[in-house]
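**Q** give me a model of this one.
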Amino acid sequence: MASSQAVRTGRPTGSPSRTPSSAAPTGTRHRPARRSSDPDAPTIQLRTTVAAPAPAQAPAAKPPAVKPPAPKTPAPKTPAAEVPAKAPARTRVRTTTVAVLVPAHNEEEGIAATVEGLLAQDVPDWLEISGIVVVANNCTDRTAEIARRYPVTVLEMAHNPDKKAGALNHGWRVAAQDAELVLTMDADTVLLPDTVAEMAGELRDNAVLGAVCARYWATPGKGLVWRLQRLEYTRYDDLRDLRRWRVSVASGAAAMYRGAALAAVAKAREAGEPWDGSSLIEDYALTLELKARGYRVAAAKRAHVYTTPPGTFRELWVQRLRWGRGGMDECLKRGWSTATRQDCLSYVLFAFSVFFRVLFLTMLTLMIVYAVPFRYALIGLIPLAVMWLERVTSMWRLPGRSVTDVALVAILVVEDFYGFFLELCAVVAAWRCLNARRQAW
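**A** Next up, the predicted model:
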């Protein structure tokens, strides 16, 4: 009975039987009883448990509305000037030193203006004037006394046979051998406030340059000799402009040299000094030495100085005779070379110029004597018209020109006389050079 019951119930005998409950639990569905084919089998209530349906869920609450983020308003930009920037690291600027040498011979009238012009120089951060040295050269006046009133070094040379060259060499040995740049200038020259900076800038920007000179104007004065030289300086400036500021000589009125170039010349010379004491024009001799060593020499087109020209025709004669003789001596001493060939050619052209000037005067005299018809004389006026036009145009570039300057240029005769005078100086200098006559200062 038990086994049959076990079979009917599908449970093992030891398994506890389930007692039907009168109250069916929630989620229980009753099925009608089935009878077994065995008549003696008891009726068994089958119960199938069906999972109760899940209780109806309440509708999910809507999530709270999320407001979109407000658009970000960019912060107003602070002007660059208001933003405190970090201070850049301080870079040390390399300083270039320049030593100044002023040889002076009896210059008590002008030495004060010269020194004051040097002390008033406006130099950039990269440039430093390491010292100003005034060399009183064979002075018999108060030049040294006046110079000592200023913060400069004064060296006195009571007996100096080499004159200006000796004074420059002495100043260079004492105070300028270690300077990167060396400025030499006459004691009657006054620099404009930016002259030193302009000249040093030219040397700084061009390593091929061994020296530069300033453009010089005549110190304000009066008289015919002064006016004629003033016009001459202006025309010489035009010539340098046409030659792209290359010059045949670094004029001693105001010239700045590269220290290494001076040292190279001094090393090559037997005396061990840059300036040649035996030369009549030491600045030209030094220029040729620099050119022979591959250096170029030019004019600093933005550097200006005022220099005092000779006041009389006698003083002018002595100066130009020395210049002419000194230049020819230097060319003959060195011969034809890359340093001298341009100057040698200029002397040849000068000889042609003198020849044609004499020829012109001869033709003019013959035309007057033999009464050549005017229509033929007009042909000779064409070159005169061209010359007149060139002189007038150059005169307009003269700073501070006056009515007198215009008249001197317009009438031609006065300037032609001045040209004759200068050519005569050159002819006499050439004659003395060829005859080996001694020329002194």
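**Q** what about the residue nearest to the spatial centre of the chain, helix or strand, and which?
**A** Computing the C-alpha centroid of the chain and ranking residues by Cα atoms, centre = their mean puts residue 201 first, at 4.1 Å. Residue 201 belongs to helix 195-205 when assigned by DSSP states H and E.
**Q** next, the contact list for the residue nearest to the centre of the chain, please.
**A** Residues near residue 201 by Cβ atoms under 8 Å, 6 or more residues apart in numbering: residue 300. Just so you know, the C-beta spots here come from the backbone N, C-alpha and C atoms, and that holds for glycine as well.
**Q** mind checking how far it is from residue 123?
**A** Distance, residue 201 to residue 123, using Cβ to Cβ, to the nearest Å: 10 Å.
**Q** surely residue 208 meets residue 298?
**A** No. Under the criterion of Cβ atoms under 8 Å, residue 208 makes no contact with residue 298, lying 9.4 Å away.
**Q** now the helices for this structure?
**A** Assignment of helices within the chain using DSSP state H yields the ranges 2-9, 111-119, 143-147, 163-171, 195-205, 224-242, 259-268, 282-292, 313-334, 341-369, 374-395, 403-411, 413-434.
**Q** which stretch among those comes nearest residue 304?
**A** Closest approach to residue 304 among the helices of the chain (Cβ to Cβ): helix 195-205, 6.5 Å.
**Q** residue 251 is nearest to which of the helices of the chain?
**A** Closest of those to residue 251 is helix 282-292, at 6.3 Å (criterion: Cβ to Cβ).
**Q** please point out which parts of the closest one sit buried.
**A** Residues 282-291 are the ones in helix 282-292 that count as buried (16 or more other Cβ atoms under 10 Å).
**Q** and which of those residues is nearest residue 350?
**A** Nearest to residue 350 among these is residue 284, at 15.6 Å by Cβ to Cβ.
**Q** give me the distance between the nearest residue to that closest one once chain neighbours are set aside and residue 136.
**A** Once flanking residues are discounted, residue 284 sits nearest to residue 249: 4.5 Å by Cβ to Cβ, 6 or more residues apart in numbering. Distance of residue 249 to residue 136, given as Cβ to Cβ: 25 Å.
**Q** who has more neighbours out of residue 208 and residue 298?
**A** In terms of neighbours (other Cβ atoms under 10 Å), residue 298 is the more surrounded of residue 208 and residue 298; the figures are 21 against 9.
**Q** that one touches residue 243, doesn't it?
**A** No. The criterion here is Cβ under 8 Å, and residue 298 misses it with residue 243 at 9.3 Å.
**Q** quick revisit: let me have the buried residues of helix 282-292 in TSV, adding pLDDT and distance to residue 307 as columns.
**A** Conversion of the buried residues of helix 282-292 to TSV gives the following (pLDDT from 0 to 100; distance: Cβ to Cβ, whole Å):
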residue	pLDDT	distance to residue 307
282	96	17
283	97	13
284	97	17
285	97	20
286	98	18
287	98	18
288	97	22
289	97	24
290	97	22
291	96	24
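**Q** make CSV from those and add distance to residue 392 to it.
**A** Shown next, in CSV, are the buried residues of helix 282-292 (distance: Cβ to Cβ, whole Å):
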residue, distance to residue 392
282, 37
283, 32
284, 32
285, 37
286, 37
287, 32
288, 36
289, 40
290, 37
291, 35
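**Q** now do the closest residue in space to residue 110 that isn't next to it in sequence, the pLDDT please.
**A** In this structure, residue 110 finds its nearest non-sequential neighbour in residue 188, 4.5 Å apart by Cβ to Cβ, 6+ apart. Residue 188 is assigned a pLDDT of 95 by the prediction.
**Q** go on, the one 4 residues further on?
**A** pLDDT recorded at residue 192 is 97.
**Q** could you report the neighbour count for it?
**A** Around residue 192 there are 18 residues (other Cβ under 10 Å).
**Q** give me every residue that touches it.
**A** Contacts for residue 192 were tallied using Cβ under 8 Å, 6+ apart; they are 117, 303-306.
**Q** repeat that for residue 94.
**A** Residue 94 makes contacts with residue 126, as judged by Cβ under 8 Å, 6+ apart.
**Q** residue 174 contacts residue 131, correct?
**A** No. In this structure, residue 174 is not within contact of residue 131 by Cβ under 8 Å, at 9.7 Å.
**Q** who has more neighbours out of those two?
**A** Between residue 174 and residue 131, residue 131 has the larger neighbour count (other Cβ under 10 Å), namely 18 against 15.
**Q** relative to residue 245, how far out is that one?
**A** Applying Cβ to Cβ, the value for residue 131 to residue 245 is 29 Å.
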